[in-house]
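Chemist: Okay, predicted coordinates and the sequence, questions at the end:
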Amino acid sequence: MASKNFNAFQMAQTQFDKVAEILSLDEATRHLLREPLREYQFSIPIKMDDGTTKVFKGFRVQHNDAFGPCKGGIRFHPQETIDTVKALSMWMTWKCAVVGIPLGGGKGGVICDPHNLSMREQEQICRGWVRQMAKDVGPLNDVPAPDVMTSSQHMLWMLDEFETIRGAKYPGFITGKPVGMGGSLGRTEATGYGVVFTIREALKQRNIRPEDTTASIQGFGNVAQYALKLYTQMGGKVICVSCWDQKDQKAYSFRKISGITFEELLSITDRFGGIDQKKAKEMKYEILDADAWLEQDVDILIPAALENQVRADNIVKISNKVKIIAEGANGPTTPEADAIISEKGIFLIPDFLANAGGVTCSYFEQVQCNMNYFWEKDEVLGKLDYIMTSAFSEVSNLAKKKNLYMRDAAYIISISRVAQACKDRGWT
Ligand code: NAD
């Protein structure tokens with residue numbers, strides 16, 4: 001999503017260029033990897049409930065498929081832009097590569113605000129998106145998934161439309177489906193839990209027990225909720241969570257120094273991850289401003305809302321106590337803020353490593369759909385833990401060995417893997 005003076009794609013390219021230089025990548029590979037392979041932009045006309053027709057703008061970007069079919073979510077957001085989708089598709093390529101799954105990078109979106117759309121209207125947008133893209137997506141070339149403001153229900157409508165058009169069952173076309181309809185157990189938890197698996201490993205390396213730590217989280221949607229759940233189960237204490245308030249059109253932070261519990265906060269949260277202020281006050285939460293989550297005296301910060309949230313202007317407000325920043329969201333930290341985080345010696349777990357649990361579990365969902373045999377939840381989460389822990393170790397070992405910032409180490413691993421795959425295929 002765009003905000004004034006911020007362009008996620010330029011940021012993704014800046015990050016790429018820095019590492020391309022470190023790796024001395026040849027000119028052709030740089031050209032290939034700093035742009036997507038394919039971009040689609042299209043109109044989706046919808047008959048609204050009031051009888052009028054509205055035209056929504058849809059996107060799909062396939063950044064790179066050297067390792068396998070493109071993979072990535074579809075966002076519904078009023079500020080969606082093609083450049084944000086391009087950035088997110090690029091990050092998906094690096095994400096799949098860092099955890100070593102045989103998939104490429106893609107992303108999609110629709111400019112719309114589900115807060116103001118009925119479920120019927122949202123269903124029509126999902127079906128319209130698939131009608132426009134049906135020829136260019138599918139289990140063998142590009143596999144969508146949920147993202148911000150899209151859910152398993154949206155995925156099921158999309159699957160139904162795709163299967164109707166193709167005239168056969170294609171459960172591997174899309175992931176994040178409801179359990180019992182081709183979805184995988186553990187997918188709901190996967191991204192948030194994955195973030196916490198990496199935090200657990202980072203703490204282990206520092207000989208710090210989770211029970212002795214506190215955290216603050218931006219966002220209380222899918223990623224943030226399950227990050228909070230597992231982290232508190234491990235004994236950690238979350239003291240602050242923030243979210244977007246649709247009515248006020250601004251964000252707030254919700255603080256409870258005694259510790260926030262998953263069930264309690266979830267009970268006053270809507271399906272968009274918005275927290276009810278009145279009920280929160282009754283439950284003794286302090287309601288603070290948008291950036292307060294970032295300013296808490298905690299050991300761990302977890303930005304898990306949107307891109308462009310940790311910037312040069314607000315990173316200066318973070319407490320000296322902060323030891324770890326684990327990026328649940330995609331692209332929450334700008335390159336300028338990165339420089340300050342690195343200088344302060346804060347350990348950063350970069351987005352495309354920290355939040356790779358979602359796509360890893362989506363990959364498991366595809367594998368299970370292809371076999372038509374579904375694993376128990378413990379098996380899914382066990383496999384997820386193994387992959388996340390291995391990827392974390394690879395990145396942190398390289399960072400330690402070469403004295404690199406963690407984001408650069410993760411990029412070096414991903415970009416060199418994808419560059420090699422392009423070379424091996426004879427593309428470059
Ligand atoms: P979501 O829609 O479920 O939740 C988003 C949360 O962020 C909500 O609580 C919302 O109120 C809050 N929010 C929005 N704007 C905010 C602001 N300005 N300040 C504070 N809070 C704000 O989305 P999600 O699925 O949890 O995704 C969150 C981030 O994680 C996104 O960057 C997404 O791309 C990324 N991600 C998600 C997954 C996944 O599996 N869901 C996987 C990888 C990465």
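Modeler: Structure's in. What do you need?
Chemist: wait, doesn't Met234 sit right on Ile208?
Modeler: No: contact criterion Cβ atoms under 8 Å: Met234 and Ile208 do not qualify, at 11.7 Å. The way it works is simple: take the backbone N, C-alpha and C, and place the C-beta from them, glycine included.
Chemist: how many other residues sit next to His115?
Modeler: 14 (other Cβ atoms under 10 Å).
Chemist: For it, what are phi and psi?
Modeler: Note on His115: its backbone torsions stand at phi -60, psi -30 [degrees, to the nearest 10].
Chemist: Find the residue closest to it in space, skipping its chain neighbours.
Modeler: Gln246 (5.2 Å; Cβ to Cβ, 6 or more residues apart in numbering).
Chemist: Go ahead and confirm the one you found touches Gly274.
Modeler: Yes: taking contacts as Cβ under 8 Å, Gln246 lies within contact range of Gly274: 5.7 Å.
Chemist: higher neighbour count, those two?
Modeler: Gly274 (19 against 13).
Chemist: The more buried one reaches Ser242, doesn't it?
Modeler: No: contact criterion Cβ under 8 Å: Gly274 and Ser242 do not qualify, at 10.9 Å.
Chemist: Find residues that contact each of the two.
Modeler: Phe220 (Cβ atoms under 8 Å, 6 or more residues apart in numbering).
Chemist: Quick check: can you name the pairing partners of the strand or helix carrying His63 and their directions?
Modeler: Per DSSP states H and E: His63 is located in strand 53-64. Strand 53-64 sits in its sheet next to strand 38-47 (antiparallel), strand 104-111 (antiparallel), going by DSSP bridges.
Chemist: close to the ligand, is it?
Modeler: No: contact of strand 53-64 with the ligand (Cβ under 6 Å from any ligand atom) is absent, the minimum separation being 13.9 Å.
Chemist: Report the rounded mean pLDDT for that strand.
Modeler: Strand 53-64 carries an average pLDDT of 98.
Chemist: Also stretch 227-245?
Modeler: Computed over stretch 227-245, the average pLDDT equals 98.
Chemist: can you check stretch 94-110 too?
Modeler: In the prediction, stretch 94-110 has an average pLDDT of 98.
Chemist: and it, which residues are buried?
Modeler: For stretch 94-110, a neighbour-count test (16 or more other Cβ atoms under 10 Å) marks 94-101, 103-110 as buried.
Chemist: about what we covered before: quick one: the residue nearest to His115 from Ala66, how far?
Modeler: 40 Å (Cβ to Cβ, to the nearest Å).
Chemist: Equivalent analysis for Ile46, please.
Modeler: For Ile46 relative to Ala66 (Cβ to Cβ), the value is 36 Å.
Chemist: ok, now Val380?
Modeler: Distance from Val380 to Ala66, by Cβ to Cβ: 27 Å.
Chemist: what about Asp147, neighbour count?
Modeler: 22.
Chemist: wouldn't it be in contact with Thr84 here?
Modeler: No: shown here, Asp147 and Thr84 do not form a contact pair, counting by Cβ under 8 Å, at 10.9 Å.
Chemist: tell me, what's touching those two both at once?
Modeler: Counting by Cβ under 8 Å, 6+ apart, the residues touching both Asp147 and Thr84 are Gly109.
Chemist: Skip the chain neighbours and tell me the closest residue to Ala87.
Modeler: Counting by Cβ to Cβ, 6+ apart, the nearest residue to Ala87 once its immediate chain neighbours are dropped is Ala8, at 3.6 Å.
Chemist: can I assume the one you found is in contact with Leu306?
Modeler: No: when contacts are counted by Cβ under 8 Å, Ala8 is not listed as touching Leu306 (9.8 Å).
Chemist: Between those two, which is the more surrounded one?
Modeler: Neighbours per residue (other Cβ under 10 Å) separate Ala8 from Leu306, with Ala8 holding more: 25 against 22.
Chemist: wait, what's in contact with the more buried one?
Modeler: Met1, Ala2, Asp83, Thr84, Lys86, Ala87, Leu88, Glu307, Asn308, Gly331.
Chemist: same check, this time on Gln368
Modeler: Per Cβ under 8 Å, 6+ apart, neighbours of Gln368: Ser184, Phe374, Trp375.
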